[in-house]
Every structure is written in C-alpha cells, then in structure tokens.
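Novice: Turn this into a structure:
(chains A, B, C and D)
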Number of protein chains: 2
Amino acid sequence: MYPAILANVARHITLTAEECASFTALLVPQHVVRAGLVVEAGQRPPQLTFVVRGCVRTYTTDAHGREHSLAFATEGWWCTNFQRPEAPTTTLTLQALEETDVLHLRLDQLEQLCEQVPKFERFFRLLFQHGYLLLQRQAEARLKFTAEVRYAHFLRYYPRLHQRVAQKHIASFLGITPEFLSMLRKKRG
Amino acid sequence: MYPAILANVARHITLTAEECASFTALLVPQHVVRAGLVVEAGQRPPQLTFVVRGCVRTYTTDAHGREHSLAFATEGWWCTNFQRPEAPTTTLTLQALEETDVLHLRLDQLEQLCEQVPKFERFFRLLFQHGYLLLQRQAEARLKFTAEVRYAHFLRYYPRLHQRVAQKHIASFLGITPEFLSMLRKKRG
DNA sequence: CGTCTATTTGAATGTACTCAAAAGCGGTGG
DNA sequence: CCACCGCTTTTGAGTACATTCAAATAGACG
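Specialist: Residues are numbered from 1 along each chain as shown, chains lettered A, B, ... in the order given. Take a look at the predicted model:
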C-alpha cells in the first residue's frame, strides 16, 4: 500500500524515514469491492483519497436520482471529497469501479501534517495547483466544445480509461445521456 | 496597491517587513481601462493576477468567435492564467469590466518566492485548495442543476456581482445564451 | 442629445433528451 | 465449460428545451 503513495509524494518532496512514518501513520487504508462505495454515506469527513489499486469514480446525484460523474481516478491518482456531511446541497459519492484499494487522509490531519512537516505544504500546494488547472481546463472545454469534440478529447487524453469505465459513466462525465453518446459513437464509426 | 494584497496574504500567513518587501518586489502592477484586456494577447506567461480595484472577467473564445466566461474576480480576489502562449488549444483572456488595477505574479516567480520564503507554500496551498473546491462545486452545479436553478444560485451567492456585470456575461458564465437568460428573468418577475 | 451597445421579444429551428424496447455483453452459477 | 441472467449498450420515435436569427426597445456613455 504505502510504497505507491510514498513514490507519489517523492515526485515533489524528499522525506526522511521518520517523516515517512509520521505521514503513513495518518493514512487510513480501505479495500472496496467492485461497484462498492468508498466510505459509506453519512460518515465522510472532508478528506483526500489516494488510489493504490483499481479505479474510483466521483459522482453527484441530482433531484431526479440521476448520477453525474465529476472525475475518475486510477492507480496513483488522488480524489477529493471536501464536502461536509452537514452541507447536503452538494454531496459527492466515491464509487469503486473495480476491486480497489485506497488510502484516506482527513483534511484536518492534512493541516496537522503540514504543521509538523512543512515540506508537505509544498507537496499539497503543487497537488492543488495542478488539480485547479485541470478543473479549469475541463470547465473551459465544457463551455466551448460540443459533446462530440469533448468525447474525442476524452479518448485522446485517457485512452486506457475508456476501456475500464462503462460508457454510461463516460456519458455522465461528458454531461450527456448514454443514448446520445451511443449515437455519437455510431456516427464516428 | 500593496496594502490590499498584503492584507490578503495576512489572512493565512504572517510576514516580516523584509518578507513583504521581497514579495511586493515580484509583483507587476497594471492599470486597465474599462473593457480593456488585462495583459495583451500573445504575451502572457502563466501567472496569477490579484485584483486591487475593479472587476475582471476570465473568458475563452470558441471556434465561432463566441465568448464563454469562466470566472469573475472583484477587489481582493485572485484570477489565474496558467495557459501558455504555446498551447493554443485552451486560451484564456482576462478582460476588465471596469476601471481596474491588478498585480501580476508570474508562476516561475511564485516558485522562486516559495523557495525563498517557505511560508508562501502554505499561503498558495490554501489559495489553490480553496480554488479547487470552488471549481469542483461549480462543475457539480453545472452538471446537476438546470440553468434556471444555477441563475438563482448565482444571484444568491454573488448578489453584488449581478449589479456590476452585464447580463450577457452572466449568461455566458451560466452556459446559456443572453436571450434565454432574458426569458428566465421575465419568467421569475 | 445622439450614437452605440445591451436587452428584450418573437418565430422558426435543431439539438439533445425521454421513454420504450431490442440486442449485446459479461459475470455467475450450475 | 456452457447457459442463463442481469446489466449495458444500441436503436428508434416523439418531444421539449434551448438556440439562432432578426428586429424592436431600452439603456449607457461620450
């Protein structure tokens, strides 16, 4: 479990053995079966989740019960669940699309960690900076490109994901219905 | 110019007079007239922009020449332009909607600053962390709510902006046409 | 006060959606 | 290993929502 996340951290900062230990001590591991939920509903403090193995989908559910996917995360990627249980307006759910292993880091413990080991300020600064850029690009793409073009982008940038994730999930990520995505695919050939 | 941005920084970290000086030394001030562009096209390195006075709109232009607004920033807010001139696929433009004063911090100088004054790692970590959360919420809202509901949210959360920003810009931020927004408003009364 | 831009209004259009049903595919158990 | 069962994807018809285009009105700025 830990080597993967330590390698991820090592991409930006260098830790001593002791610092590694105080980091991993804060991580909560979880195994999730295929189609299972990462952290059950109702009991999720704001936290970051690192995917060690498998694939996680972040989605929200609207008033009609329809699911809208916001992000996919495979091995070596982080996903975020900053929503507090008290604020029910915007609630995110994390679902494992495969047999999955994750590590959780609660947001309050992230703060603690940064105080104890200031190097982590840098790591998470870069993590959020890159995440911010990614979200901004996605928002831009959603506004300026048609669903057809966005699907082509998706295939180009995440060629592997396409094979691991159901089309209905890709459709909901693109902001269209599965039926419409099916039509777009037929059109392309 | 500087007191505003120093107060903004002071919300998260405490700086010595010397540190303040090495920070402000990196900032590039710019005055922009109403409807003018913040940093002319073609010459914008990836950078952060702090709005001291006025109002800035971040937008992108699609293949048909239509503008899509991604964000608005008024006094005390930051906006980002991480796009490199070399990557023309996604290009953001910052436009002043009023007589505006801004301060620019180039991304490479942000890195320098963080190395010199590690406290800034913390400041920008929080800045990007909050920005990330905001973008994620906006993406979620765009997927799960209709334009009508999103407009109601916009009015509730940014009641002042509504008075300062043209409706066509609000429409493009919501992802709809000005005509359709006009119809929604008529419907509400 | 005049001009230019923004907003409103209306009609026609089209894109993407809903609903229902068939076909395809994969996972599971016999 | 094969057959069944259930979920996913495809297909098609009808529909609704939001768009485009054009023109009139309102409003802002010089």
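
Novice: Give me the residue ranges of chain A where confidence is low.
Specialist: Along chain A, the parts satisfying pLDDT under 70 run over A:40-44, A:84-90, A:189.

Novice: what's the residue closest to the geometric middle of chain A?
Specialist: Centroid-nearest residue in chain A, with C-alpha atoms, centre = their mean: A:Cys79, separated by 2.8 Å.

Novice: touching DNA strand C at all, the longest helix along chain A?
Specialist: Ordering each helix of chain A by length in residues (DSSP state H) puts helix A:119-144 first. No. Shown here: helix A:119-144 not in contact with DNA strand C (C-beta under 7 Å from any atom of the strand), separated by at least 11.6 Å. Every residue, glycine included, has its C-beta placed from N, CA and C.

Novice: so after that helix, what's the next helix or strand?
Specialist: As assigned by DSSP states H and E, the chain's next helix or strand after helix A:119-144 is helix A:147-157.

Novice: what helices or strands is the longest helix of chain A leaning on?
Specialist: strand A:78-81, helix A:107-116, helix A:147-157, strand B:55-61, strand B:67-74, strand B:78-81, helix B:119-144 (3 or more C-beta pairs under 8 Å, 6 or more residues apart in numbering or on different chains; DSSP states H and E).

Novice: Turn those into JSON lines, including distance to A:Leu135.
Specialist: As requested, the helices and strands packed on helix A:119-144 are arranged in JSON lines below (distance: least, C-beta to C-beta, whole Å):
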{"stretch": "strand A:78-81", "distance to A:Leu135": "10"}
{"stretch": "helix A:107-116", "distance to A:Leu135": "18"}
{"stretch": "helix A:147-157", "distance to A:Leu135": "14"}
{"stretch": "strand B:55-61", "distance to A:Leu135": "13"}
{"stretch": "strand B:67-74", "distance to A:Leu135": "11"}
{"stretch": "strand B:78-81", "distance to A:Leu135": "11"}
{"stretch": "helix B:119-144", "distance to A:Leu135": "4"}
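
Novice: Relative to B:Gln47, which of the ones you listed is closest?
Specialist: Nearest to B:Gln47 among the helices and strands packed on helix A:119-144 is strand B:78-81 (5.8 Å), distances taken as C-beta to C-beta.

Novice: if we can go back for a sec, ok, the residue nearest to the centre of chain A - contacts?
Specialist: Under the criterion of C-beta atoms under 8 Å, 6 or more residues apart in numbering or on different chains, the neighbours of A:Cys79 are A:48-49, A:51, A:56, A:58, A:71, A:73, A:94.

Novice: re earlier: quick one: the longest helix of chain A to strand B:67-74, angle?
Specialist: Counting by axes from the mean of the first three to the mean of the last three C-alpha atoms, to 10 degrees, helix A:119-144 lies at 140 degrees to strand B:67-74.

Novice: in helix A:119-144, what counts as buried?
Specialist: Neighbour-count burial for helix A:119-144, counted by 16 or more other C-beta atoms under 10 Å in any protein chain shown, picks out A:119-129, A:131-133, A:135-144.

Novice: got it, and stretch A:61-75?
Specialist: Result for stretch A:61-75 [16+ other C-beta under 10 Å]: buried residues A:67-74.

Novice: That stretch and DNA strand D in contact?
Specialist: No. Applying C-beta under 7 Å from any atom of the strand, one finds stretch A:61-75 separated from DNA strand D by no less than 10.7 Å.

Novice: End to end on that stretch, go ahead and measure it.
Specialist: Start-to-end span of stretch A:61-75 (C-alpha to C-alpha, to the nearest Å) is 25 Å.

Novice: Distance from the chain centre to it, please.
Specialist: Distance of stretch A:61-75 from the chain centroid (C-alpha atoms, centre = their mean, to the nearest Å) equals 11 Å.

Novice: do it and chain B meet?
Specialist: Yes. Using C-beta under 8 Å from any C-beta of the partner chain, we find that stretch A:61-75 touches chain B at A:61-63, A:66, A:68, A:70.

Novice: go on, stretch A:19-39?
Specialist: No. Counting by C-beta under 8 Å from any C-beta, no contacts exist between stretch A:19-39 and chain B, the nearest distance being 15.3 Å.

Novice: any residues touching that stretch, and which ones?
Specialist: With contact meaning C-beta under 8 Å, 6+ apart, stretch A:19-39 is reached by A:1-2, A:5-6, A:9, A:15, A:47, A:49-50, A:54, A:56, A:81, A:93-106, A:109, A:112-113, A:116-117, A:119-120.

Novice: For DNA strand C, give me its nearest residue in chain A.
Specialist: Closest residue of chain A to DNA strand C, C-beta to the nearest atom of the strand: A:Phe180 (3.2 Å).

Novice: ok, that residue touching A:Glu148?
Specialist: No. Proximity of A:Phe180 to A:Glu148 does not meet the contact threshold set by C-beta atoms under 8 Å, at 9.6 Å.

Novice: Quick check: the farthest pair among the residues of stretch A:61-75 next to chain B?
Specialist: Pairwise distances across the residues of stretch A:61-75 next to chain B (C-beta to C-beta) peak at 16.9 Å, for the pair A:Ala63 and A:Leu70.

Novice: Give me the buried positions along stretch A:147-161.
Specialist: In terms of neighbour count (16+ other C-beta under 10 Å), stretch A:147-161 has its buried residues at A:147-148, A:150-151, A:153-154, A:158, A:161.

Novice: and which of these is nearest DNA strand D?
Specialist: The nearest member of those to DNA strand D, counting by C-beta to the nearest atom of the strand, is A:Tyr151 at 11.3 Å.

Novice: and that closest one, what is it in contact with?
Specialist: A:170, A:174, A:181, A:184-185.

Novice: which of those residues has the most neighbours?
Specialist: Using other C-beta atoms under 10 Å in any protein chain shown as the neighbour criterion, A:Leu174 leads the contacts of A:Tyr151 with 22 neighbours.

Novice: Next, the contact list for that residue, please.
Specialist: A:Leu174 makes contacts with A:147, A:150-151, A:154, A:181, as judged by C-beta under 8 Å, 6+ apart.

Novice: Lovely, talk soon.
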